[in-house]
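Asker: Need a 3D model of the sequence below.
(one chain, ligands or ions: 1)
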Amino acid sequence: MIGAIDIGGTKTMTAVLSDTGNIIESRYFPTTSRDWRKHFQETADTFLDCAKPYLHEISGVGINVPGMADSARGLLIYAPHQNWKNIPVADYFRNALSISKIKVENDVNSCAIGEIVFGGGGTDFLWITISTGNGGAIVSNGKLIRGSTHCAGEFGHLKVEYTNPRICSCGQLGCLESQSSGTAIGQIYREKLVQDSSLLAQTKQAEAKDPDFQRDARGLSILAEGGSESAQEIFHTAGRYLGRAISYGVNIANPRRVYLGGGVAKSLLLLLPGIREELEKNAVPGASEVEIMETKLGYHAALLGAGALVLQETI
Ligand SMILES: [Zn+2]
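Answerer: Sure thing, here's the model as predicted:
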């Protein structure tokens, strides 16, 4: 059995997994505290609570952090959302949990390792999230590319729009994250409602039918799947931005596959025509045949990734 902890930007999950990646027990709570000691204490308590009956059987615990990690030293280098810097994550949890094997990794890198251990596998692939933001990881020749200062695979801040760019949370213009994250797609949808009366009518109809309907990327996907051309067009454009970012990665690393994760990856069929269009335009012919698919890890990709860290030693 293995322990898995996913410290995310908005929520923290702890779980016990079987060695084959089944979730046996799990707990979660919101990531609210900016004080890392307080948050880590709550995380350790929550983990111990859910792992209590299995503690003697747990071979190690994998921990995802929402930022750059030095996995060799078990450090969180920088988490921008919480402004956490140089935190000895592995040391802290080794003491707090009294478990000697603690592995620490950036959350999207973990997803890529999880894909190797429990998912669709592969030795040459990109792993990209389309969620609140866009994160990425690169696996080449079976090795995770971490980079010289732990920031390889930052797909979210590849520039994909120069003519009419949106402002990114990093302060730059036209980053993938500002054009094609779940947050950006939701914003673009709400902006379009002001000038597109048919999209507004479709939205009001959906709201009347379902009181839980939200004016966000998920809501937009319901409209698109229901035949709304305006909604489909927003996904097509988002797909094109993703296709641009993927083409940069494809030209550099020549992967066989691209795995997409995060809530918006569920809308892959709506995004795919735009992705393919830009790949054909921008990727070199030998590399553009890359397969694009949704992660095989499902909703709990990050948690399975954290668990996989314990099993995959050498990557
Ligand atoms: Zn940016």
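Asker: Quick check: closest non-adjacent residue to Asn109.
Answerer: In space, Asn109 comes closest to Ala137 once its chain neighbours are excluded; the distance is 4.8 Å by CB to CB, 6 or more residues apart in numbering. In short, each C-beta sits where N, CA and C put it, glycine included.
Asker: so where's the longest helix in the chain?
Answerer: Counting by DSSP state H, the longest helix found in the chain is helix 229-253.
Asker: Give the other helices and strands that that helix contacts.
Answerer: strand 125-129, strand 136-140, helix 176-180, helix 182-195, helix 197-209, helix 217-225, strand 257-261, helix 268-282 (3 or more CB pairs under 8 Å, 6 or more residues apart in numbering; DSSP states H and E).
Asker: before we move on, back to that, per-residue pLDDT of the residue nearest to Asn109, please?
Answerer: Confidence at Ala137, expressed as pLDDT, is 98.
Asker: who's in contact with it?
Answerer: By CB atoms under 8 Å, 6 or more residues apart in numbering, the contact set of Ala137 is 106, 108-109, 111-112, 126-127, 144-145, 153.
Asker: I figured Gly307 hits Gly21, correct?
Answerer: Yes. Between Gly307 and Gly21 a contact is recorded at 6.6 Å, counting by CB atoms under 8 Å.
Asker: Residues that sit against both of these two, list them.
Answerer: Joint contacts of Gly307 and Gly21 (CB under 8 Å, 6+ apart) are 114, 118.
Asker: Which one's more surrounded, those two?
Answerer: Counted by other CB atoms under 10 Å, Gly307 and Gly21 do not tie: Gly307 has more neighbours, with 34 against 19.
Asker: Now do the helix or strand hosting the more buried one, average pLDDT.
Answerer: Using DSSP states H and E, Gly307 maps to helix 301-311. Averaging pLDDT along helix 301-311 yields 97.
Asker: Kindly report the same for stretch 248-264.
Answerer: 97.
Asker: cool, and stretch 143-157?
Answerer: 94.
Asker: The ion contacts on the chain?
Answerer: Neighbours of the ion within the chain, by CB under 5 Å from the ion: 157, 168, 170, 172, 175.
Asker: still on that earlier bit, quick one: which of the contacts of Ala137 is nearest to Pro80?
Answerer: Relative to Pro80, the closest of the contacts of Ala137 is Asn106; by CB to CB it sits at 12.1 Å.
Asker: Surely the closest one touches Asp70?
Answerer: No. Under the criterion of CB under 8 Å, Asn106 is not in contact with Asp70, lying 9.7 Å apart.
Asker: Kindly point out which residues are neighbours of both of these two.
Answerer: Taking CB under 8 Å, 6+ apart as the criterion, Asn106 and Asp70 both touch His150.
Asker: Pick out whichever of those two has more residues nearby.
Answerer: Applying other CB under 10 Å to Asn106 and Asp70 shows that Asn106 carries more neighbours, namely 28 against 18.
Asker: State the distance from that one to Ile77.
Answerer: Asn106 is 9 Å from Ile77, where distance means CB to CB, to the nearest Å.
Asker: intersection of neighbour lists for the two?
Answerer: In contact with both Asn106 and Ile77: 67-69, 150, using CB under 8 Å, 6+ apart.
Asker: From one end of stretch 281-291 to the other, what's the distance?
Answerer: End-to-end distance for stretch 281-291: 16 Å, by CA to CA, to the nearest Å.
Asker: That one: which residues count as buried?
Answerer: 282-283, 287-288, 290 (16 or more other CB atoms under 10 Å).
Asker: Where do the domain boundaries of the chain fall?
Answerer: Domain ranges of the chain: 2-117+300-311, 122-295, per automatic domain parsing.
Asker: ok, back up a step: out of the shared contacts of Asn106 and Ile77, which is nearest to Gly119?
Answerer: The nearest member of those to Gly119, counting by CB to CB, is Ala69 at 20.5 Å.
Asker: Give me the nearest residue to that closest one, chain neighbours excluded.
Answerer: Per CB to CB, 6+ apart, closest to Ala69 is Asn106, 4.7 Å.
Asker: Please list all residues in contact with the residue in the stretch 201-315 of the chain positioned nearest to the ion.
Answerer: Residue nearest to the ion within the stretch 201-315 of the chain (CB to the ion): Ala245, separated by 11.5 Å. Taking CB under 8 Å, 6+ apart, we find Ala245 in contact with 128, 134, 155, 158, 160, 176, 180.
Asker: Closest to the ion out of those?
Answerer: For these, the nearest to the ion is Leu176 (7.8 Å; CB to the ion).
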